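1. Pasting a predicted model and its sequence here:
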Amino acid sequence: LCVVCGQAKQFLETEVQNSAEDAAVRAALSYDGHSSTDDEQLVLPSRSISNANREKRRLPLSTEICPSVEGDMDLAESDYEDMDQLDEQYTTSVENVEETQLEKKVTEDEVSESTTKESVMENITSIEVHPDDKNEEEMVVKKSQQKKKKKKQNKRTSLTSLPEEIVSNKILRKYWIRRYQLFSKFDEGIKLDEESWFSVTPERVASHIAERCRCDLIVDAFCGAGGSSIQFAFTCSRVIAIDIDPNKIELARHNADVYGVADRIEFVVGDFMTLIPTLRADVIFLSPPWGGPQYKNVDVYDIESIMEPIGGTRLYQACQNVTDNIAYYVPRNINTDQLVMLAGPGGSVEIEQNFLEKRLVAVTAYYGELIHEQA
C-alpha cells in the first residue's frame, strides 16, 4: 500500500508539472500581440515525454502498475493527438494574426484611397468655385460680347458712312473693301462710277506695267477712270488718255489731280478705233472692256469676245499701224494661245501673270521692244 501511495504521489506531482508547462504553451499561442512573418517562427518550449510518463498520465489509481502493449499504443496515439491540437492552435493563431494584419492593411488602403478621393474632390470643388477663375471666365465672356457688339456697331457705322451708290449695290460693296488696292489715295478725293469699280487696273499692277512701258509718249487707249494713265505719268514724259465716255474722262482728270500728275496727261474723248490713224506713239497700252465681271463665268476667255463685233485680234492689228510696242492687258482666264498667235510668224510675245496679294488678277502680253531680253 505504501508503494502504491508513493507512486500515486509521484504521478500527481508529474501531472502538476505537465499542467504548468501546457498552460505556458497555451499562453504563448493565444497572445494577441504576436505577429508572424515568413522569417519568424514561434519557438515552443521543448518537453520530453517518456513512455512512463505517458502511462502515468493515462492510468487511474485503480489500474495496474505494469501497462500492456495495447495501453502503450493508446498513450502514443493520445500524445500525437495532443500535439496535433497544439499545431492546430498554432496554425489558427498565425492565420488569425495574418487575417487581422490583412484586414488592417485593407482598411488603411481604403482610408487612404478615400482620403485621396476627398482631397481630389476638394481640389476640383475649389477650382470650380475659385472666385478668381470665375472672374476671368466672366471677363472673357464679357470681352467676347463687347467685340460682337462693337463689330455690329462698326458694320452699321460703315454702312451708314458708305456712299449711297455703294450701300444700294451689294456687288460694289466687295470692291469698296478693296478701294485702297485700286487707289492708295482713295480717301483724298478719288471718284469712280459703277463701271469703274470693277474695270480700273489695281494701282500696284498699273505701277508695274508702267515701269515696263517707260518711254517718251504712250497712249492709254481705254483710260476709264485713269488708274493706268496716272501711273504712266510717273514713268513717261507724256501720256495720251483716250476714252469714248466723257464722264470717264472727267473722272480720270479729277483723279489725276489728286495724284498731282494731270499736267502730264492729255485727255481725249473719242473712239479709239476712229482715232488710230491720227495717233503717233512709242507704246500703246490696250486695256479694253472685258464685258464686266461676267468674264469669270467662263473657263477660257476668248479674245474675240473683246469689243464685239470688232474682237481682240482686229484691235491689236489696228495698233500695229502705229507701233509694234504694245502691252495687252487681258483677263486672267484668257486663251494664251490666241495671244501667241497675235505675234504672227516669227514674232515674239512675253506673257506675264499679274498677281495681287498672291491672287492672280490678270495677264499682260508684251510685244515688240517691250519684251525683256531674258524672255
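-> The structure has been received and is ready for your questions.

2. So, low pLDDT: which residues of the chain?
-> 1-134, 149-160, 374-375 (pLDDT under 70).

3. If we use 80, what do you get?
-> Scanning the chain with the threshold set as pLDDT under 80 gives 1-161, 163-165, 292-294, 373-375.

4. where exactly do the helices run in it?
-> Counting by DSSP state H, the chain has helices at residues 2-29, 51-58, 69-128, 131-161, 164-167, 170-177, 179-182, 194-199, 203-212, 227-235, 246-259, 272-275, 312-319, 336-342.

5. Show me what the last one is in contact with.
-> Contacts to helix 336-342, defined as Cβ atoms under 8 Å, 6 or more residues apart in numbering, come from residues 302-304, 312-313, 316, 328, 330, 349, 351, 363, 365, 367. Any C-beta I mention is one placed from the backbone N, CA and C, and that applies to glycine too.

6. 10 Å instead, please
-> 300-304, 312-313, 315-317, 320, 326, 328, 330, 335, 347-351, 353, 363-365, 367 (Cβ atoms under 10 Å, 6 or more residues apart in numbering).

7. Weed out the non-buried ones from these.
-> Neighbour counting by 16 or more other Cβ atoms under 10 Å classes 301, 303-304, 312, 315-316, 326, 328, 330, 335, 349-350, 363-365, 367 among the contacts of helix 336-342 as buried.

8. Could you list which of those belong to strands?
-> Secondary structure from DSSP state E places Ile326, Tyr328, Val330, Glu350, Val363, Thr364, Ala365 of the buried ones among the contacts of helix 336-342 in strands.

9. got the contact list for the closest residue to the first one other than its chain neighbours?
-> Closest residue to Ile326 in three dimensions, ignoring its sequence neighbours and counting by Cβ to Cβ, 6 or more residues apart in numbering: Tyr367, at 4.6 Å. If you count contacts by Cβ under 10 Å, 6+ apart, Tyr367 has them with 284, 316, 319-320, 323-328, 339, 342-344, 347-350.

10. ok now do the residue lying closest to Ser348 once chain neighbours are set aside, which residues does it touch?
-> What sits nearest to Ser348 in space, not counting adjacent residues and going by Cβ to Cβ, 6+ apart, is Ile371, at 5.7 Å. Under the criterion of Cβ under 10 Å, 6+ apart, the neighbours of Ile371 are Arg212, Asn325, Ala343, Ser348, Val349, Glu350, Ala365.

11. any idea how far Leu279 is from Leu217?
-> 10 Å (Cβ to Cβ, to the nearest Å).

12. between these two, what contacts are shared?
-> Counting by Cβ under 10 Å, 6+ apart, the residues touching both Leu279 and Leu217 are Ile240, Thr323.

13. unless I'm mixing things up, Gly311 is touching Met273, no?
-> No - contact status for Gly311 versus Met273: not in contact, 11.4 Å apart, counting by Cβ atoms under 10 Å.

14. wait, which of the ones in strands among the buried ones among the contacts of helix 336-342 is closest to Ile240?
-> Nearest to Ile240 among these, counting by Cβ to Cβ, is Ile326 at 14.7 Å.

15. What residues does the closest one make contact with?
-> Contacts of Ile326 (Cβ under 10 Å, 6+ apart): 213, 221, 281, 283-286, 315-316, 319-320, 342, 349, 365-368, 370.

16. mind redoing it with 8 Å?
-> Counted by Cβ under 8 Å, 6+ apart, Ile326 has contacts Val283, Ile284, Phe285, Leu286, Tyr316, Cys319, Gln320, Tyr366, Tyr367, Gly368, Leu370.

17. would a markdown table of the contacts of Ile371 with distance to Ser168 be doable?
-> Shown next, in a markdown table, are those (distance: Cβ to Cβ, whole Å):
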| residue | distance to Ser168 |
| --- | --- |
| Arg212 | 39 |
| Asn325 | 43 |
| Ala343 | 45 |
| Ser348 | 48 |
| Val349 | 43 |
| Glu350 | 42 |
| Ala365 | 37 |
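
18. okay, among those residues, which ones form the most distant pair?
-> In these, two members sit farther apart than any others by Cβ to Cβ. They are Arg212 and Ala343, at 16.9 Å.

19. Now do the closest residue to Gly292 other than its chain neighbours: how many residues are near it, please.
-> Nearest non-adjacent residue to Gly292, counting by Cβ to Cβ, 6+ apart: Phe198, 6.8 Å away. Each residue near Phe198 was counted by other Cβ atoms under 10 Å, and the total is 15.
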